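Engineer: missing the sequence, but the structure's below:
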């Protein structure tokens with residue numbers, strides 16, 4: 001059985017004669033998380049307010065929401081069942097981000113703590129059922 005060929009982080013997608021990527025749309029990675037939610041517009045607003053994500057809600061297409069260089073697609077439930085995600089997100093200040101999430105109505109699953117591998121980490125569940133592990137890396141001495 002032939003295996004699918006995955007792109008590595010250092011490879012550039014092949015470009016066709018028109019200069020367009022033939023393997024990936026611009027800005028997408030080999031694996032791109034997708035969340036399907038009821039009230040996707042509200043979820044996009046939550047992600048922008050709490051995590052500083054960028055991107056606009058689009059009702060007719062998946063919304064491309066960016067967290068730094070990472071992309072998460074957010075779609076409205078309807079054609080597909082709602083599907084939540086568990087994502088590990090690095091931020092500048094895990095404690096402040098956790099505080100914003102709590103003020104925005106998230107449920108605390110884990111208050112901020114220091115891990116043995118150098119992450120200051122907290123965990124919340126948003127109102128759409130997604131779990132967010134919020135971390136700031138602090139190298140272990």
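Structural biologist: Good, I have the coordinates. Predicted model, so just to flag it, every value in this text is computed and none were measured. Numbering: from 1, shown residues only.
Engineer: so how many other residues sit close to residue 105?
Structural biologist: 11 (other CB atoms under 10 Å). C-beta: built from backbone N, CA, C; applies to glycine.
Engineer: My guess is it contacts residue 127. True?
Structural biologist: Yes - contact criterion CB atoms under 8 Å: residue 105 and residue 127 qualify, at 5.5 Å.
Engineer: Adjacent strands (with direction) for the host helix or strand of residue 113?
Structural biologist: Per DSSP states H and E: residue 113 is located in strand 107-114. Using DSSP bridges, the strands paired with strand 107-114 are strand 119-125 (antiparallel).
Engineer: what does the helix or strand just after the strand it pairs with rub up against?
Structural biologist: Following strand 119-125 in sequence order, the next helix or strand is strand 131-137 (DSSP H and E). Strand 131-137 has contacts (CB atoms under 8 Å, 6 or more residues apart in numbering) with 51, 84-94, 97-98, 101, 106, 109, 118-126.
Engineer: Can you flag the buried ones in the residues you listed?
Structural biologist: 51, 85, 87, 89, 91, 94, 97-98, 101, 106, 119-126 (16 or more other CB atoms under 10 Å).
Engineer: in this structure, which ranges drop under the pLDDT threshold?
Structural biologist: 1-22 (pLDDT under 70).
Engineer: most centrally placed residue in it?
Structural biologist: residue 72 (4.5 Å; CA atoms, centre = their mean).
Engineer: from memory that residue sits against residue 35, does it?
Structural biologist: Yes - under the criterion of CB under 8 Å, residue 72 makes contact with residue 35 at 6.4 Å.
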